[in-house]
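Okay, here's the prediction I keep looking at, along with the sequence it came from:
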Amino acid sequence: MKTFVPRRAASLVAALAVSVPLLAALTTAPTSSAAAVPAAAPAASTSAAAREVPTIRWRSCRGFDCGRVDVPLDHDRPDGATLTLALRRVPARKPARRLGAVFVNPGGPGGSAAAFAPWAADLLGRRVTNRLDVIGIDPRGVGGSSHLTCRGRSDTAYPSVGFPDTRRQVRDWLAFDTTVQRLCDRRIADHMSTADTARDMDLVRQALGDEQASFFGASYGSVLGATWVSMFPGTVRAAVVDSVLDPVAWTTGRDLPDGTPGSSLPISARLGSEVGSRDALEAGLAECDEAGRRACRLAGDALGRWDAVAARLRSDRAAARRVGLSYSDFVGTTLGMLYGGDLWYIAEFAFQAEKQLSRLAGRPTSDEPAAPDGTLGRTVREVRAELARSPYPGPYAAVAGRSRQQRLWFDGSTHGVMCSDSLNPTGTAAWSEAAERTRAAGGADFGPSWTWLSSACSAWPGSGEDAYRGPFTMPDAERLLIVSNRHDPATPLSGALALQQLMPGSRLVTTGDTGHVATGANRCATEVVRDVLRTAESPAEDVVCTREREPFTR
């Protein structure tokens, strides 16, 4: 089996090696909160316009500008305690013609926007960066900003799987949740909502002396973008969100057809990510069948063969151990490859797993030699490492550890945001029920893998009282550009359509590609994004970009 080399690896790694603790966090423990917090105050009361404008302390660093700025810990108490945010700026190349700044966020939540800024500047190109600063602000609790950590004495083991599937695994998973909930720093956890970050952005805009700002956000960054334009519409020059989450589903959930409140489902079970993952896999493996066995060795009911491998690894853990590939690793590694649209590698990975399982059972599937022992495990590790280097945080990386430890250290940034923003059930049983519900309702194996990401939200220690949960709307919404791949494994097209419905007048760009984040991967979409940020003018109508990836043409 060839070594896994993602199609976008060169652009992802060469531009900037971003270390994203989110990935380990999401697979080692689910975390969440804000179970029964009332909706936030209306946007008028959230403005920071009348508050003292902070001073950014800039210094030169590695060819860019690095900054620190102190902002109120609690925006309701502007004269109270503060926390420090980390910034990185790529200054406009033509400062005499500067138009302002574009704030960037890579998603997560938990991704470092400061680390993302240089990569984003390259992505957006000279026509944008000639006249716009590119600025990444690490959100509160994240990266170089005052960080949320959960640490202390504990003998609870890190989960040994990417998501739980057996009763024992569920018990261990929930025990780890309880430990994390107990050890997280309440001081920061109480003030980590997306709305708090939007308020911070507005203070930074004022500190820059700009009347308006622009924005580019991907994945969870779309939630930040939707929140910011809703809270501070008068300050928006232009905004672009790529790979979009429905902000209503993210915060309160949409009520079910039978009238059941949307908040009765965990946040991670109501975003449709599992359906997007399955759709992307089905579309990709249909292309494998179409390409034939010379181009794709899994061809010939490729989806059925992938499903059979997953079922065997799930039902026969002894066989999984012997081939060195667990059920959760198989599902998670496939999802990681779907992020980059690496369909050939997904098919080859499943083919090699099928071959090793068949050889183990004494029923070789073909005369072709199987990959050497250890290849499957090495592929899992390579995918995790690539995801950790990617500027766009994903849902899967190395499990943080498997032995009991007296000292636990856990990055709570992902869950600090997710759980503060969202309304969730209060009982852990809701996650077990939702995992099976999403499995049966079209998510298949991806249902549980997504659902369990938020299980600690059942009793998250932080408060979400300052969260913004709508309405998500803005006047003159033509300043908002929404971008989506047709087969996105994490943020399905339905999220983009939902946001466009909330923001009449906004424009939608769709591509025919498979993968997470279109900007930089699809030239047509990238050019539209660049034009909007450069001119602050959206297309006259929605744009459909043709597919540009040919995964089985090698």
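In hand now; what should we look at? None of these values were measured; they are calculated from a predicted model. Residues are numbered from 1 along each chain as shown.

Show me which positions of the helix or strand hosting residue 286 end up buried.
Secondary structure from DSSP states H and E places residue 286 in helix 273-291. Neighbour-count burial for helix 273-291 flags 273-281, 283-285, 287-289, 291 (criterion: 16 or more other C-beta atoms under 10 Å). Placement of C-beta: from N, CA and C, glycine included.

Then stretch 524-543?
Applying 16+ other C-beta under 10 Å to stretch 524-543 flags 524-534, 536, 538, 543 as buried.

so where do the helices sit in the stretch 1-150 of the chain?
Using DSSP state H, counting those that start in this stretch, the helices found in the stretch 1-150 of the chain span residues 9-15, 22-28, 113-124, 126-129.

packing partners for the last one?
Meaning helix 126-129. Other elements packing on helix 126-129 under the criterion 3 or more C-beta pairs under 8 Å, 6 or more residues apart in numbering; DSSP states H and E are helix 523-535.

Name the residues that touch the helix it packs on?
Contact partners of helix 523-535, identified using C-beta atoms under 8 Å, 6 or more residues apart in numbering, comprise 102, 123-125, 127-128, 131-132, 214, 216, 238, 240, 242, 481, 483, 509, 511, 518-520, 537-539, 543, 545-546, 548.

what about 6 Å?
Contacting residues not belonging to helix 523-535 are listed as 102, 124-125, 127-128, 214, 238, 240, 481, 483, 509, 511, 518-520, 538, 543, 545 [C-beta atoms under 6 Å, 6 or more residues apart in numbering].

out of those residues, which are inside helices?
124, 127-128 (DSSP state H).

Check those for burial and list the buried ones.
124, 128.

right, and out of the ones in helices among the contacts of helix 523-535, which lies closest to residue 169?
Checking the ones in helices among the contacts of helix 523-535 against residue 169 with C-beta to C-beta, the nearest one is residue 124 at 42.7 Å.

Pull up the gap between the closest one and residue 106, please.
To residue 106, residue 124 is 13 Å away according to C-beta to C-beta, to the nearest Å.

Report the central residue of the protein.
Central residue check for the chain by C-alpha atoms, centre = their mean: the C-alpha nearest the mean position is that of residue 108, 3.7 Å away.

If you compare the directions of the host helix or strand of residue 494 and helix 273-291, what angle comes out?
Under the criterion of DSSP H and E, residue 494 resides in helix 493-502. Relative orientation of helix 493-502 versus helix 273-291 (axes from the mean of the first three to the mean of the last three C-alpha atoms, to 10 degrees): 130 degrees.

Spell out the residue ranges of the strands in the stretch 401-550 of the chain.
Using DSSP state E, counting those that start in this stretch, the strands found in the stretch 401-550 of the chain span residues 407-411, 480-487, 507-514, 543-545.

nearest to residue 363, of those strands?
strand 507-514 (31.8 Å).

wait, residue 520 sits on residue 125?
No: counting by C-beta atoms under 6 Å, residue 125 is not a contact partner of residue 520; they are 9.9 Å apart.

what about the two, which has more around it?
residue 520 (23 against 16; other C-beta atoms under 10 Å).

And that one, how close does it get to residue 116?
For residue 520, the distance to residue 116 - C-beta to C-beta - is 12 Å.

go on, residue 358?
Where residue 116 is concerned, residue 358 sits at a distance of 43 Å (C-beta to C-beta).

neighbour-wise, which of those two wins?
residue 116 (31 against 16).

quick one: pLDDT of residue 147?
On pLDDT, residue 147 comes in at 86.

scratch that, residue 371
pLDDT at residue 371 comes out at 58.

what's the answer for residue 400, then?
Per-residue pLDDT puts residue 400 at 38.

can you check the one 5 residues further on too?
The confidence metric pLDDT takes the value 51 at residue 405.

Domains in this protein, by residue range?
1-39+152-183+256-464, 90-136+191-251+473-545 (automatic domain parsing).

just those domains: most buried one?
Mean neighbour count (mean count of other C-beta atoms under 10 Å) peaks for domain 90-136+191-251+473-545 among the domains of the chain, with a mean of 23.

ok, back up a step: would you format the ones in helices among the contacts of helix 523-535 as TSV with pLDDT included?
Formatted as TSV, those follow (pLDDT from 0 to 100):
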residue	pLDDT
124	98
127	96
128	98
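
Now flag whichever of the ones in helices among the contacts of helix 523-535 is closest to residue 453.
residue 124 (29.7 Å).

got a list of what residue 518 touches?
242, 483, 485, 511, 525.

Farthest pair within those residues?
Maximum distance among the contacts of residue 518 (C-beta to C-beta): 10.3 Å, for 242 and 511.

Quick check: phi and psi at residue 359.
phi -60, psi -40 (degrees, to the nearest 10).

For the residue nearest to the centre of the chain, give its distance to residue 510.
Residue 108 is 24 Å from residue 510, by C-beta to C-beta.

before we move on, the earlier item: please convert the domains of the chain to a markdown table, extending it with distance to residue 77.
As requested, the domains of the chain are exported to a markdown table (distance: least, C-beta to C-beta, whole Å):
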| stretch | distance to residue 77 |
| --- | --- |
| domain 1-39+152-183+256-464 | 14 |
| domain 90-136+191-251+473-545 | 10 |
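
and these, which one's lowest on average pLDDT?
Across the domains of the chain, domain 1-39+152-183+256-464 has the smallest mean pLDDT, namely a mean of 80.

returning to what we had before: so for residue 144, which of the domains of the chain sits nearest?
Using C-beta to C-beta, the nearest of those to residue 144 is domain 90-136+191-251+473-545, at 5.8 Å.

Can you give me the end-to-end span of that closest one?
End-to-end span of domain 90-136+191-251+473-545 (C-alpha to C-alpha, to the nearest Å): 29 Å.

Just give me how far that domain sits from the chain centre.
Centroid separation for domain 90-136+191-251+473-545 versus its chain: 15 Å, with C-alpha atoms, centre = their mean, to the nearest Å.

Could you do stretch 286-298 as well?
The answer for stretch 286-298 is 30 Å, by C-alpha atoms, centre = their mean.

mind checking the end-to-end distance for it?
Termini of stretch 286-298 sit 11 Å apart (C-alpha to C-alpha).

Could you number the chain from 584 rather than 1 from now on?
Got it, first residue is 584 now, which makes that one stretch 869-881.

Point out the one among the domains of the chain that comes closest to residue 651.
Going by C-beta to C-beta, the one of the domains of the chain nearest residue 651 is domain 673-719+774-834+1056-1128, 10.5 Å.

mind listing the helices for the stretch 884-1033 of the chain?
Along the stretch 884-1033 of the chain, the stretches classed as helices by DSSP H, counting those that start in this stretch are 885-898, 900-906, 910-922, 926-943, 958-972, 996-1004, 1012-1021, 1029-1034.

Name the residues that touch the shortest one?
Put plainly, it is helix 1029-1034. 746, 851-852, 856-857, 860-861, 914, 1017-1018, 1021-1022.

Which one of those residues is nearest to residue 669?
residue 851 (27.6 Å).

and the closest one, that's in a helix?
Yes: counting by DSSP: H, G, I helix; E, B strand; the rest coil, residue 851 is part of a helix.

Report the separation between it and residue 1001.
Relative to residue 1001, and taking C-beta to C-beta, residue 851 is found at 8 Å.

on that earlier part again, dump the helices of the stretch 884-1033 of the chain to CSV, plus distance to residue 734.
Formatted as CSV, those follow (distance: least, C-beta to C-beta, whole Å):
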stretch, distance to residue 734
helix 885-898, 34
helix 900-906, 32
helix 910-922, 25
helix 926-943, 35
helix 958-972, 21
helix 996-1004, 13
helix 1012-1021, 24
helix 1029-1034, 27
